[in-house]
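In: structure, please.
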Amino acid sequence: MAIKLYNTLTGKLEEFTSIKPNEVKMYNCGPTVYGIQHIGNLSMFVFTDTLRRTLEYHDLDVKQVINITDFGHLTSDADEGEDKMTKGLRNEGLSPTLENMQTLAHKYGEIFLDDIKKLNIKTKGTLFPYASQYLENQIELIKTLEKKHFTYQTSDGIYFDVSMLGPSNYGKLGGLQGLSFKLDNQSGLQSRVGWNSEKRNQRDFALWKFNNELGFPSKWGQGFPGWHIECSAMIINILGEQIDIHTGGIEHIPVHHNNEIAQAEAATGKEPFARYWLHRAHLQISGEKVAKSEGNVVYLSQIIEKGFSALAYRYFLLMAHYRTPVSFSWEALGAAENAYRKLKEVFAGLTRLPDLDGQVRANGRISENYKKEFSEAIENDLNTPEALSVVWKLVKDKSVSPADKQSTLLNFDQVLGLDFENNEFLEIPQNIVDLGKKRKLAKDNQDFKEADKIRGKIENQGFEIRDTGDTFVIFKR
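Out: Residues are numbered from 1 along each chain as shown. All right, here's what the predicted structure looks like:
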């Protein structure tokens, strides 16, 4: 069965095929590192990691880029407001210099990389380029657009003229094609992109923003590249003029990603810029998007400080489909923690159970029936809730041997990324495990007095034993 993904570009669930056989070029919109990324930001990368793992599960070679924005991102997706990095400098009490901006970016960039590692997000082979490393490429891309007469200058910057594309070639995402180009307050565009009387039309966007106090030199004057040009330039220079997959949050659909498409296809003359566009729904708290501007943020460090596992948060996210808004609460996270802990307990216990023929085996075979069910779930637009239901169905199936269950779970974990093997319930001294086996044998023989005596021996050595289904789990107290 082939992988099917919901493509925002077409508004349809489509079978995935790559430009080059067995190779996938994927770009994931990354963080703007003016502060610590909250759990809403991080949810994006659990999604893209699941996507990458699914592609690799199907033997595809993924070339992945996650950009790190260290300048040019204004406080709105359009061209209005303050530069987020400048805002970050002020919050840190640092003077607005390029050196301080770079220091700030690397500080929070490293925290971001540390957080995604805690979430078991794959980083090996992934490129994490900073926008400032591709400044010259961005300038050259603007020059190319200028030569092709897609630009014009205002008092505050160089803008891309979307009317040069024609009304049917801008707004390919979100059904924005064909909207009026007129400078019309009633068009509804003002609320989306802000109002600027110098723009030829309100959907035009900045390629270069002038800044006399802070910025880089260019032929147009000192300033910064616009946020949108950053992604297009890095994609073209790292992955090529056309890629297979581009991801981001749903908030990027109307402006940022439409602008990326417009400028990239105008510059290269090739389309589509990306074959598949995938967008993750928002994480919410109390019905509101998790965002610093809303004042309702939670950080991964807070989750860990409260005694939860970072991977319990990953499990929480996998319980919902990536295109479905999910509401975070500490109670919901607690339920996810309990389910994840139970799953790890079961996995650890499988190593101590005899197989169906009475022998204990270290290695089992992958259940082809369950693998088929699991594959059908993830191939259906990364249906992780259904995939988890297959996991629990397998766990409860007494017709599958413990060794086969364990091997099958490890196979599934290639996609789920729940790190079953790095399991605290497996790190138990052999003599304690042997006592656990003797207790189980006593219970099976209904010698409960002896079973209780052995439990006491286990507890006296600082461990606790818990029955779970057909097996048991021991953990340090």
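
In: roughly how far does H252 sit from L239?
Out: 18 Å (Cβ to Cβ, to the nearest Å). For the C-beta atoms, the positions are set from N, CA and C on the backbone; glycine is no exception.

In: er, I253 actually
Out: Look at I253 and L239: by Cβ to Cβ, they are 21 Å apart.

In: ok, now G88?
Out: The gap separating G88 from L239 is 28 Å, by Cβ to Cβ.

In: F128 too?
Out: For F128, the distance to L239 - Cβ to Cβ - is 14 Å.

In: now swap in N212 and tell me
Out: Separation of N212 from L239 (Cβ to Cβ) stands at 35 Å.

In: more neighbours, the two?
Out: Comparing N212 with L239 by neighbour count (other Cβ atoms under 10 Å), the higher total belongs to L239, at 19 against 8.

In: for the residue nearest to that one when sequence neighbours are not counted, helix, strand, or coil?
Out: Once flanking residues are discounted, L239 sits nearest to K25: 4.5 Å by Cβ to Cβ, 6 or more residues apart in numbering. Classification of K25 using DSSP: H, G, I helix; E, B strand; the rest coil returns strand.

In: K25 bridge partners, please.
Out: K63 (DSSP bridges).

In: which SSE is immediately downstream of the lowest-mean-pLDDT helix or strand in the chain?
Out: Least confident helix or strand of the chain, by mean pLDDT, DSSP states H and E, is helix 190-193 with a mean of 44. Where DSSP states H and E defines the elements, the next helix or strand beyond helix 190-193 is strand 205-210.

In: helices and strands around the following helix or strand past that following strand, which ones?
Out: As assigned by DSSP H and E, the chain's next helix or strand after strand 205-210 is strand 223-225. The contact analysis (3 or more Cβ pairs under 8 Å, 6 or more residues apart in numbering; DSSP states H and E) places strand 223-225 against helix 135-147, strand 205-210.

In: least confident of those, on average?
Out: Lowest mean pLDDT within these: strand 205-210, a mean of 94.

In: contacting residues around that strand?
Out: Applying Cβ atoms under 8 Å, 6 or more residues apart in numbering, the contact partners of strand 205-210 are 72, 74, 78-79, 142, 145, 151, 155-160, 162, 193, 218, 220-226, 228-229, 255, 259, 263.

In: try it again at 7 Å.
Out: With contact meaning Cβ atoms under 7 Å, 6 or more residues apart in numbering, strand 205-210 is reached by 78-79, 142, 145, 151, 156-160, 218, 220-226, 228-229, 259.

In: could I have that strand exported to PDB, CA atoms only?
Out: Extracted C-alpha coordinates of strand 205-210, given in PDB (Å, rounded to 0.1, in the frame of the first residue of the first chain):
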ATOM      1  CA  PHE A 205       5.100  41.500   0.400                       C
ATOM      2  CA  ALA A 206       8.500  42.700   1.400                       C
ATOM      3  CA  LEU A 207      11.600  41.200   0.000                       C
ATOM      4  CA  TRP A 208      13.900  43.700   1.700                       C
ATOM      5  CA  LYS A 209      13.100  45.900   4.700                       C
ATOM      6  CA  PHE A 210      15.100  49.100   5.200                       C
END
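
In: what's the neighbour count on A339?
Out: 16.

In: now K372
Out: K372 has 12 nearby residues by other Cβ under 10 Å.

In: buried residues in the one helix or strand it maps to, which are they?
Out: Assigning secondary structure by DSSP H and E places K372 in helix 368-379. By neighbour count on 16 or more other Cβ atoms under 10 Å, the buried set for helix 368-379 is 370, 373-375, 377-379.

In: what's the answer for stretch 400-417, then?
Out: Quick answer for stretch 400-417 (16+ other Cβ under 10 Å): 400-409, 411-413, 415-417.

In: then stretch 96-107?
Out: Quick answer for stretch 96-107 (16+ other Cβ under 10 Å): 100-101, 104-105.

In: could those go into TSV alongside secondary structure?
Out: Below are those laid out as TSV (three-state DSSP):
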residue	secondary structure
N100	helix
M101	helix
L104	helix
A105	helix
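
In: let me know the closest of those residues to H58.
Out: The shortest gap between H58 and any of those belongs to A105, at 35.3 Å (Cβ to Cβ).

In: that closest one and T69, how far apart?
Out: Using Cβ to Cβ, we find A105 at a distance of 8 Å from T69.

In: how about G157?
Out: For G157 relative to T69 (Cβ to Cβ), the value is 18 Å.

In: same thing with K4?
Out: Distance, K4 to T69, by Cβ to Cβ: 31 Å.

In: about what we covered before: give the residues shared as contacts by A105 and T69.
Out: Counting by Cβ under 7 Å, 6+ apart, the common neighbours of A105 and T69 are V33.

In: and the next element down the chain from the helix holding K372?
Out: Next along the chain after helix 368-379, taking DSSP H and E as the criterion, comes helix 384-396.

In: could you figure out how far that next one is turned away from helix 368-379?
Out: If you take axes from the mean of the first three to the mean of the last three Cα atoms, to 10 degrees, helix 384-396 sits at 160 degrees to helix 368-379.

In: tell me which strands and helices helix 384-396 is in contact with?
Out: In terms of contacts (3 or more Cβ pairs under 7 Å, 6 or more residues apart in numbering; DSSP states H and E), helix 384-396 is packed against helix 368-379, helix 402-416.

In: one more time with 6 Å, if that's ok
Out: If contacts are counted by 3 or more Cβ pairs under 6 Å, 6 or more residues apart in numbering; DSSP states H and E, helix 384-396 sits against helix 368-379.

In: average pLDDT for the helix it packs on?
Out: Mean predicted lDDT for helix 368-379 stands at 98.

In: who's in contact with that helix?
Out: Residues outside helix 368-379 that contact it (Cβ atoms under 6 Å, 6 or more residues apart in numbering) are 1, 3, 54, 383, 386-387, 390, 394, 408, 412, 415.

In: quick one: it to helix 402-416, angle?
Out: 10 degrees.

In: buried residues in stretch 142-159?
Out: 142-146, 150-151, 157-159.

In: so which of those residues is the closest to K344?
Out: Distances from K344 to the buried residues of stretch 142-159, taken by Cβ to Cβ, are shortest for I142, at 51.3 Å.

In: how close does the closest residue to E337 other than its chain neighbours sit to L13?
Out: Ranked by Cβ to Cβ, 6+ apart and with sequence neighbours excluded, the top spatial neighbour of E337 is A312, at 4.0 Å. From A312 across to L13, the span is 30 Å (Cβ to Cβ).
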